[in-house]
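A.B. asks: Structure for the following, please:
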Amino acid sequence: MQVQASDAFLAEATDHPYWRSHTYEEYTGSGWLVGDVELEQLDPYEELPLANLRPGSRYQFRVSVLENADKRLYYTGRMITASRSFGAIYRSTPEGELQNDLFSGLMDYQSYLVEVAWPSTSVQSLRASSRDNPAWIEARYLQLPEKLPQRIYDLAAEITSGAEDPYSKASAIESYLRNFPYTLLVSPPARDQDVVDYFLFDLQQGYCDYYASSMVVLSRAVGLPARLVVGYATGTYDPDGEMFVVTEADAHSWAEIYFPEHGWVEFEPTSGRLLMERTSQTVSEPLPEMEFSFPRRSTFIWRKIGAGLMYSGIGVLLALGTAGAADAYLLGRKDAREVPVILYRRLIWFARKSKMPFSPSLTPFEFAELYKGHTRQFWGQTKIPGEFIRHGERHFDYLVRQCVMAVYGGRKLARRETRVMFAAWLKLVPYLVIILISNFCTPI
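C.D. replies: Numbers count the residues shown, from 1 in each chain. Predicted structure coming up:
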């Protein structure tokens, strides 16, 4: 699957999108079921009901799937409308209830546009959210099997004992589960053992279905309406094609908790995955010190480019070509996990040389925002096209996100992904160098 995001989304959104397919509400102890549903055919651009819409912005995405792919509708955020006719599969809701409870969508087309509402939820607003859930939400999304082991209830109460509001309870459960190691090599539970009980007390390791199911069950055990979501993780962003490339390896499941003023809010309990970002919340630590460093030869080349650009356009092209060839050779010999950190440290080097105040305590995302804000003062005094600036900022954000995923997510990059990262780096260099050279002439 390939997903092209609108320029507005790439420029404004800071979180990583997940591509949802369907949700589950009934936990049986051995898996998940879907309750009664209704099918309604929607015309192109016919909008879904949006009562209880979370604060945020509207964005468009173009989704393209393979010919033999499941005929599912894929989207992120909250669905508003699609450019093609599709079958909307709803769970029934009380008469007069405007809010839809969309289970899934059936899409017969391989390519389509979707418009979604992208949430902008803050930690403060979630903590202050009302606890008065609609009765039908609690009836449906607090369901647990009668034979659910008591020790699951006891563990949920223990995990959330110090939490005073629903969001703090959900975050405590999320954090607890993220301590379990991730692995695909697990043995199934005994025939009569509850799956979540097996994961929490016996297995204590596993993959996304175990984590997500456990978060939903533990949340329900302390009175938080929750459901399981199935689809795909973000995938790999290809800055050349300006699209997210999503494969079967990105298949994923996660949890959602219901908050009255916001609707369904995503949580990521699976260890090794990035947390969902909220306003005023980001990665809580700076990048750890690692043993990686600049290849000395490559650093020398980039420094020479900075001086050479002042005198000769031809020299610039030759220097860039030489630098690219040297870097392709040097980085190609590095371990794949080192490449994101090397490129991130280059971003820091350029930032420092561009007179940006830099502190090692900055998280990667804070660093990215600070650098872009710092450089926008310079761009505002030039006649450089805005598209060039936005293009550079997108590549900057992409490299920072990849570094965070590699270091904090513990995700080993494939060689193809490192090549994509290096291509993004080469396209970012002119943007960085222009800022760098401006310091020879006038302070930013």
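A.B. asks: Helices of the stretch 1-150 of the chain, start to end?
C.D. replies: Counting by DSSP state H, counting those that start in this stretch, the stretch 1-150 of the chain has helices at residues 7-12, 123-127, 135-141, 150-159.
A.B. asks: Let me know which of the ones you listed is the nearest to residue 113.
C.D. replies: Ranking the helices of the stretch 1-150 of the chain by distance to residue 113, with Cβ to Cβ as the measure, places helix 7-12 first at 12.7 Å. The way it works is simple: take the backbone N, C-alpha and C, and place the C-beta from them, glycine included.
A.B. asks: Check which residues of whichever helix in the chain runs longest are buried.
C.D. replies: If you go by DSSP state H, the chain has its longest helix at helix 415-441. By neighbour count with 16 or more other Cβ atoms under 10 Å, helix 415-441 contains the buried residues 417-418, 420-425, 427-438.
A.B. asks: Also stretch 208-226?
C.D. replies: Of all the residues in stretch 208-226, those buried under the rule 16+ other Cβ under 10 Å are 208-222, 224-226.
A.B. asks: again with stretch 170-185
C.D. replies: 170-174, 176-178, 180, 182.
A.B. asks: Only C-alpha atoms, please: export that stretch in CSV.
C.D. replies: These are the backbone C-alpha positions of stretch 170-185, laid out as CSV (Å, rounded to 0.1, in the frame of the first residue of the first chain):
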residue,chain,number,x,y,z
ALA,A,170,-4.6,4.7,30.6
SER,A,171,-1.1,6.0,30.4
ALA,A,172,-0.1,3.9,33.5
ILE,A,173,-1.4,0.8,31.8
GLU,A,174,0.4,1.7,28.5
SER,A,175,3.7,2.3,30.3
TYR,A,176,3.4,-1.0,32.3
LEU,A,177,2.9,-3.1,29.1
ARG,A,178,5.7,-1.4,27.2
ASN,A,179,8.2,-2.9,29.7
PHE,A,180,7.5,-6.4,28.3
PRO,A,181,9.9,-7.4,25.5
TYR,A,182,8.7,-7.7,22.0
THR,A,183,9.0,-11.0,20.1
LEU,A,184,7.2,-13.0,17.4
LEU,A,185,8.4,-16.3,18.8
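A.B. asks: coming back round to it: turn the helices of the stretch 1-150 of the chain into CSV, including distance to residue 392 and mean neighbour count.
C.D. replies: Formatted as CSV, the helices of the stretch 1-150 of the chain follow (distance: least, Cβ to Cβ, whole Å; neighbours: other Cβ atoms under 10 Å):
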stretch, distance to residue 392, mean neighbour count
helix 7-12, 11, 15
helix 123-127, 30, 16
helix 135-141, 44, 16
helix 150-159, 44, 15
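A.B. asks: Export these to TSV and append columns for mean pLDDT and distance to residue 269.
C.D. replies: Formatted as TSV, the helices of the stretch 1-150 of the chain follow (pLDDT from 0 to 100; distance: least, Cβ to Cβ, whole Å):
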stretch	mean pLDDT	distance to residue 269
helix 7-12	71	25
helix 123-127	87	16
helix 135-141	91	17
helix 150-159	96	12
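A.B. asks: now those as a markdown table including distance to residue 72?
C.D. replies: As requested, the helices of the stretch 1-150 of the chain are arranged in a markdown table below (distance: least, Cβ to Cβ, whole Å):
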| stretch | distance to residue 72 |
| --- | --- |
| helix 7-12 | 21 |
| helix 123-127 | 29 |
| helix 135-141 | 22 |
| helix 150-159 | 31 |
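A.B. asks: closest to residue 85 out of these?
C.D. replies: With Cβ to Cβ, the closest approach to residue 85 among these belongs to helix 7-12: 24.1 Å.
A.B. asks: For this structure, give me the ranges with low pLDDT.
C.D. replies: Under the criterion pLDDT under 70, the flagged ranges of the chain are 11-15, 49-56, 95-100, 278-337, 356-362, 377-389, 405-417, 438-444.
A.B. asks: Could you rerun that using 50?
C.D. replies: Low-confidence segments of the chain (pLDDT under 50): 51-52, 98, 280-322, 324-325, 329, 442-444.
A.B. asks: Map the structural domains onto the sequence of it.
C.D. replies: Here the domain parsing of the chain from automatic domain parsing is 2-267, 296-441.
A.B. asks: Switch the ones you listed over to a markdown table; also include distance to residue 273.
C.D. replies: A markdown table is the format used below for the domains of the chain (distance: least, Cβ to Cβ, whole Å):
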| stretch | distance to residue 273 |
| --- | --- |
| domain 2-267 | 7 |
| domain 296-441 | 6 |
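A.B. asks: wait, which of the ones you listed is closest to residue 276?
C.D. replies: Comparison of these against residue 276 by Cβ to Cβ identifies domain 2-267 as nearest, at 5.0 Å.
A.B. asks: from the middle of its chain, how far away would the closest one be?
C.D. replies: The chain centre lies 13 Å from the centre of domain 2-267; the measure is Cα atoms, centre = their mean, to the nearest Å.
A.B. asks: Residue 352 - how many residues pack around it?
C.D. replies: Neighbour count for residue 352, taken as other Cβ atoms under 10 Å: 11.
A.B. asks: how about it, phi and psi?
C.D. replies: Dihedral angles phi and psi of residue 352 (degrees, to the nearest 10) take the values phi -70, psi -40.
A.B. asks: Against residue 435, how distant is it?
C.D. replies: Using Cβ to Cβ, to the nearest Å, residue 352 is found at 12 Å from residue 435.
A.B. asks: Now the residue sitting nearest the centre point of the chain. Nearest residue, chain neighbours left out?
C.D. replies: A centroid search over the chain (Cα atoms, centre = their mean) returns residue 16, at 2.1 Å, as the residue closest to the centre. In this structure, residue 16 finds its nearest non-sequential neighbour in residue 234, 4.5 Å apart by Cβ to Cβ, 6 or more residues apart in numbering.
A.B. asks: can you check residue 130 too?
C.D. replies: In space, residue 130 comes closest to residue 260 once its chain neighbours are excluded; the distance is 4.5 Å by Cβ to Cβ, 6+ apart.
A.B. asks: what do you get for residue 239?
C.D. replies: Excluding its sequence neighbours, the residue lying closest to residue 239 (Cβ to Cβ, 6+ apart) is residue 424, at 4.3 Å.
A.B. asks: Surely that neighbour and residue 241 touch.
C.D. replies: No: here residue 424 does not reach residue 241: they are 11.5 Å apart, not a contact under Cβ atoms under 8 Å.
A.B. asks: Please, where are all the strands along the stretch 101-250 of the chain?
C.D. replies: For the stretch 101-250 of the chain, strands defined by DSSP state E, counting those that start in this stretch occupy the ranges 102-106, 111-119, 226-232, 236-238, 243-245.
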